[in-house]
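Enquirer: Following is a predicted model, sequence given first.
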Amino acid sequence: MAQINEKNRLANTVTGFLPGDDAVVAFDNVSLGYDAASEADFILKSLSFQLPAGSFHFLTGPSGAGKTSLLKMIYLAQAPTSGRISLFGEAVDNGDRAQVARLRSKLGIVFQEFRLLEHLNVFDNAALPLFVHGQNFRQYRDDVTELLNWVGLKNQLQAMPHVLSGGEKQRLAIARAVVTRPTLILADEPTGNIDYAMGLRIMRLFVELNRLGATVLIATHDESLVRASGMPVLELKDGQISRRDLNTTVGGRL
Ligand SMILES: Nc1ncnc2c1ncn2[C@@H]1O[C@H](COP(=O)(O)OP(=O)(O)OP(=O)(O)O)[C@@H](O)[C@H]1O
């Protein structure tokens, strides 16, 4: 089995993931198996890769390939079965609650299932992370309003989540995830409920945040948006990760 691990590790290395000091995310020989699965049945097998600071990647792969599982490990909701993960240059210990909380405060996460607070209106849902960070209404009013305008929710600032459509909820979840200008943005199918034009607009928001310095990783099935962006792709398949570079793809750039 050690030989298999070494083979996977080399395969990942040759796909272009070279170690660097500026890695925001670094996986070193990371495997994940649920429910005491035997090593052959692991979802993710001996992954070694890095996301350099300021990079932008899509994460693709067939349904069940492990995209959400990989994101969960990065946002520290799931410990790997073996291997080591570093975030912002720090080796992660999932049992260290203080470290987990500190590292998570640098992340902006768009969850597949939105996780909005039903008793707060649109504005307050989006502003919540800033409120929790101790900012007051005067400080964040304009920023939050502008962001909600960008995601097309400026006429629904007072609306409660239960009256929003699926796409509107998703856009609100995106606004809330990026409102603190996080260092690392992770998004799980952020355009799954959104039409193509709004999807492009949302992708432009991620690209703009990336230009401002955020490292971005977006799991998606939406090949047309991936192609339109021209950004590099990490593909999960059969427990392995590989890189697809779309820089030469014909098509629009966001
Ligand atoms: N908590 C869990 N316990 C057991 N198995 C799980 C758990 N979470 C995910 N799985 C399994 O792990 C595999 C990968 O799931 P995951 O959700 O990471 O894939 P995905 O690539 O995000 O899929 P999709 O594109 O359909 O969202 C699936 O077979 C899933 O059933």
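Expert: Thanks, I have the structure now. Numbering: from 1, shown residues only.

Enquirer: The nearest residue to Asn121 once chain neighbours are set aside: what secondary structure?
Expert: Among residues not flanking Asn121 along the chain, Gln158 sits closest, at 5.1 Å (C-beta to C-beta, 6 or more residues apart in numbering). The C-beta positions use only the backbone N, C-alpha and C, and glycine is treated the same way. Three-state assignment for Gln158 (DSSP: H, G, I helix; E, B strand; the rest coil): coil.

Enquirer: just His162 next, same as before
Expert: Each residue gets one of three states, and His162 gets helix by three-state DSSP.

Enquirer: if I look at the spatially closest residue to it that is not a sequence neighbour, how far off is Arg102?
Expert: Leaving out its chain neighbours, the residue that sits closest to His162 by C-beta to C-beta, 6+ apart is Glu118, at 6.2 Å. Applying C-beta to C-beta, to the nearest Å, the value for Glu118 to Arg102 is 28 Å.

Enquirer: So these two - more neighbours on which side?
Expert: More crowded of Glu118 and Arg102, by other C-beta atoms under 10 Å: Arg102, with 13 against 8.

Enquirer: any idea of the pLDDT on the more buried one?
Expert: Here the pLDDT value assigned to Arg102 is 94.

Enquirer: Please enumerate residues in contact with whichever strand or helix holds it?
Expert: If you go by DSSP states H and E, Arg102 is part of helix 97-104. Helix 97-104 is contacted from outside by Tyr75, Leu76, Leu87, Phe88, Glu90, Val92, Asp93, Asn94, using C-beta atoms under 8 Å, 6 or more residues apart in numbering.

Enquirer: Just among these, which is most surrounded?
Expert: Leu87 (24 neighbours).

Enquirer: How about that residue: what's its closest non-neighbour residue?
Expert: Leu103 (5.1 Å).

Enquirer: Could you count how many residues lie near that neighbour?
Expert: Neighbours of Leu103 (other C-beta under 10 Å): 19.

Enquirer: Equivalent analysis for Pro62, please.
Expert: 12.

Enquirer: That one - nearest residue in space that isn't next to it in sequence?
Expert: Using C-beta to C-beta, 6+ apart, the nearest residue to Pro62 is Lys237, at 6.8 Å.

Enquirer: Contacts only, for the residue nearest the centre of the chain.
Expert: Centroid-nearest residue in the chain: Leu186, 1.4 Å away (criterion: C-alpha atoms, centre = their mean). Going by C-beta under 8 Å, 6+ apart, Leu186 touches Leu71, Ile74, Tyr75, Leu107, Gly108, Ile109, Val110, Leu217, Ile218.

Enquirer: at 7 Å instead, please
Expert: Leu71, Ile74, Tyr75, Leu107, Ile109, Leu217 (C-beta atoms under 7 Å, 6 or more residues apart in numbering).

Enquirer: Checking my notes, the fifth one in a strand, right?
Expert: The one in question is Ile109. Yes. Assessed by three-state DSSP, Ile109 belongs to a strand.

Enquirer: Next up, the contacts around it.
Expert: Ile109 neighbours (C-beta under 7 Å, 6+ apart): Tyr75, Ala177, Leu186.

Enquirer: so where is the stretch 101-250 of the chain shaky, pLDDT-wise?
Expert: Across the stretch 101-250 of the chain, the ranges flagged by pLDDT under 70 are 245-250.
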